[in-house]
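[1] Sharing a sequence plus its predicted fold:
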Amino acid sequence: MAIADVSALERAFDAARVSGNFTLAIQELHETWPQIVSTAGVPVRRMLDSTPAALWHSEPWLVTCYAASFRASDTADRTSALPYFEAAFALLKPETPAFVRATLYVRYAAALRSLGRLNDALAAVATASAIADSHDVIPLARRIPLTAEIALHRGAIALHGGDFDRAKADFRLAGSLAETNLSVANQLEVFGCLALIQLFMGDFEHALSYVARAKSTGASPTLRNSRFNAPALITELLVTIMQRGGETIAPLVSTLREATVDSDWQPLGLYAQAFVDLFDAHAHEGLEHLRRALLALDGWDPVGFVDSEIRGLRAAAFLQLGDSGAAWDILADFSPTQHHTVCPGRLVAHLRFVTGDARGALDAIRECEILGDAHSSRNLADVFLLKGAAHLALGTEDQSDIAFDRALRLAARNRMHSPFRLVPSEAVQDMLTRAASRSQPLEVQALIKRLDGLTVVLPTRDSQTLSDRERAIARELVRGSNSAEIAETLFISVNTVKSHLKSIYRKLGVTSRVDAIHKSRELGLQVDITPN
């Protein structure tokens, strides 16, 4: 799409103010504002403000232009647009051209989603789509850009809502039309969102290829540091930290912080910063970024998949701090997102494993295994790593080897080493030693060398390992059952219960029933997360 010359447009308005004749200037703005409004919000408003009200206040197309200008890269105000959109709606008449009505609704949808009003935004973009598909004649030169823009904003709403399949289809349509039908700002968002989807699905190679496409749009430095490029920046930061660590990410973090502020990408941007904090073992800093991310979601309807991402990372942060109880509180009522892009099962498995419940860890990831290749491969490496560690702890070494080899292959495909920080280093080192003795593909051999000697933040807690029977009794303690009630529930004698209680007290390092209940809650025994 040809880029309109804002300077030339400003000169036309300057001349109009001198001559008093705004006809040509208004006509030029009428034709070009869809291409410039994303980057020149302030100049557009200044030009219209200098124009006699009678020339544009009753024109829904130009009022829509004024409203859309508040979403520009040079404007941080997300709410001021709404009264102008309402004014534009009030100006619509039966004879208003279909492309004007459809453009008004799709730009309104963009404003609503920037405020997190996803349901309202979806209704607006659905209306725009219905107008575009109606029998009203829309010239081809208007219809195709409109189709691309509808797909872009519908895809962004679906992505925020966690419907990755719908989002991918819409963004691919928008991407196929982008070069000649979307502004550079919108092209950045299309390719950045495609990158983000591929990242969460676990295809890092394609994610980075879309980041490269965003970089090839010829966007100005201002646009590259704006909200339109935020999805690509988030993708680049997360892939970098998972593949290479934190040595070279400081400039990326700084740019991302600037790009996401006061936009619908701010919650996810803060999540990405928290991810970096946790990777560097700065859990407290990560929790603060996540707190701010939750505040940024205030007023969203619905909160979308980012809320799940934040909750999952908060659980991981508490785990890193050794606060198992707080982690369990988060995971007790936590459903996975589409394709398990957010996978609570792996976090539950992690907690079960480090608290000595290897069988519980296997139970927690059973649904992930059933999902198979439909599971996000970004998290599937974690699943097979935990499966391998659990089987190794149970003495079923052949099954451990099979699972660990699968984890290695998945991780090697994306060249990432972050999953191997999930479990205590002794277990990882044991599995690496065994894997190195087997025939492996070259990329897996290279990964094994990089991982050799890896140290993780979270240590094992041997004093907290309980047998299956002891865990069942500890759960009954938390429920408030006395020894006789526990015996009746578990079909064992009271003396057997008392014997197990002594062992539980010793393993948990406590001396009373009250302390045992408190410690059991820290281990997550107040909730039955796994089937057994």
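    Yep, that arrived. Numbers count the residues shown, from 1 in each chain.

[2] Which parts of the stretch 401-532 of the chain are helices?
    If DSSP state H, counting those that start in this stretch is used as the criterion, the helices of the stretch 401-532 of the chain fall at 425-436, 442-451, 468-479, 483-490, 494-508, 513-522.

[3] Packing partners of the third one?
    Using 3 or more CB pairs under 8 Å, 6 or more residues apart in numbering; DSSP states H and E as the contact criterion, the elements in contact with helix 468-479 are helix 483-490, helix 494-508, helix 513-522. Where you see a C-beta, it was placed from the backbone N, CA and C, and this is true even at glycine.

[4] How about the shortest one?
    Using 3+ CB pairs under 8 Å, 6+ apart as the contact criterion, the elements in contact with helix 483-490 are helix 468-479, helix 494-508.

[5] Low-confidence ranges, the stretch 401-532 of the chain, go.
    Scanning the stretch 401-532 of the chain with the threshold set as pLDDT under 70 gives 418, 421-422, 424, 452-465, 521-532.

[6] cool, and the chain?
    Across the chain, the ranges flagged by pLDDT under 70 are 1-4, 246-247, 418, 421-422, 424, 452-465, 521-532.

[7] and the spatially most central residue of the chain, how far is that from residue 414?
    Closest to where the C-alpha atoms of the chain average out (CA atoms, centre = their mean) is residue 306, at 4.7 Å. Separation of residue 306 from residue 414 (CB to CB, to the nearest Å) stands at 22 Å.

[8] got the buried residues for the lengthiest helix in the chain?
    As assigned by DSSP state H, the longest helix anywhere in the chain is helix 140-161. Neighbour counts using 16 or more other CB atoms under 10 Å place 142-143, 145-161 of helix 140-161 among the buried residues.

[9] re the thing from before, pull the distance from whatever helix or strand the residue nearest to the centre of the chain lives in to the chain's centre.
    According to DSSP states H and E, residue 306 maps onto helix 305-320. Taking CA atoms, centre = their mean, to the nearest Å, one finds helix 305-320 lying 11 Å from the centre of the chain it belongs to.

[10] What of stretch 168-184?
    Remark: stretch 168-184 is offset 21 Å from the chain centroid, using CA atoms, centre = their mean.

[11] do the same with stretch 396-411
    Its chain's C-alpha centre and that of stretch 396-411 lie 28 Å apart, by CA atoms, centre = their mean.

[12] For that stretch, which outside residues touch it?
    202, 377, 380-385, 387-392, 417, 419-420, 431, 434-435, 438, 440-441, 444, 447-448 (CB atoms under 8 Å, 6 or more residues apart in numbering).

[13] Inside strands: which ones of these?
    Within the contacts of stretch 396-411, no residue falls in strands by DSSP state E.

[14] Now mean neighbour count and distance to residue 230 too, for the helices and strands packed on helix 483-490, in JSON lines please.
    Shown next, in JSON lines, are the helices and strands packed on helix 483-490 (neighbours: other CB atoms under 10 Å; distance: least, CB to CB, whole Å):
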{"stretch": "helix 468-479", "mean neighbour count": "19", "distance to residue 230": "44"}
{"stretch": "helix 494-508", "mean neighbour count": "16", "distance to residue 230": "46"}
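
[15] Let me have these in TSV, adding distance to residue 84 as columns.
    Output for the helices and strands packed on helix 483-490, formatted as TSV (distance: least, CB to CB, whole Å):
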stretch	distance to residue 84
helix 468-479	56
helix 494-508	62
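
[16] Can you check which of those helices gets nearest to residue 225?
    For the helices and strands packed on helix 483-490, the distance to residue 225 is smallest for helix 468-479, at 51.0 Å, taking CB to CB.

[17] could you give the angle of the closest one to helix 494-508?
    If you take axes from the mean of the first three to the mean of the last three CA atoms, to 10 degrees, helix 468-479 sits at 90 degrees to helix 494-508.

[18] CA atoms of helix 468-479 as CSV?
    Written as CSV, here are the backbone C-alpha positions of helix 468-479 (Å, rounded to 0.1, in the frame of the first residue of the first chain):
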residue,chain,number,x,y,z
ASP,A,468,0.9,-42.8,48.9
ARG,A,469,-0.8,-44.0,52.2
GLU,A,470,0.8,-41.2,54.2
ARG,A,471,-0.4,-38.7,51.6
ALA,A,472,-4.0,-40.0,51.9
ILE,A,473,-3.9,-39.7,55.7
ALA,A,474,-2.4,-36.2,55.4
ARG,A,475,-5.4,-35.2,53.2
GLU,A,476,-7.8,-36.5,55.8
LEU,A,477,-6.0,-34.5,58.4
VAL,A,478,-6.5,-31.3,56.3
ARG,A,479,-10.2,-32.2,56.0
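
[19] how near is residue 271 to residue 136?
    42 Å.

[20] what's the answer for residue 248, then?
    Using CB to CB, we find residue 248 at a distance of 53 Å from residue 136.

[21] Please point out which parts of stretch 74-90 sit buried.
    Result for stretch 74-90 [16+ other CB under 10 Å]: buried residues 75, 78, 81, 82, 84, 85, 87, 88, 89.

[22] Same question for stretch 283-293.
    Judged by neighbour count (16+ other CB under 10 Å), stretch 283-293 contains these buried residues: 283, 285, 286, 287, 288, 289, 290, 292, 293.

[23] Tell me which of the residues you listed fall in helices.
    Using DSSP H, the subset of the buried residues of stretch 283-293 located in helices is 283, 285, 286, 287, 288, 289, 290, 292, 293.
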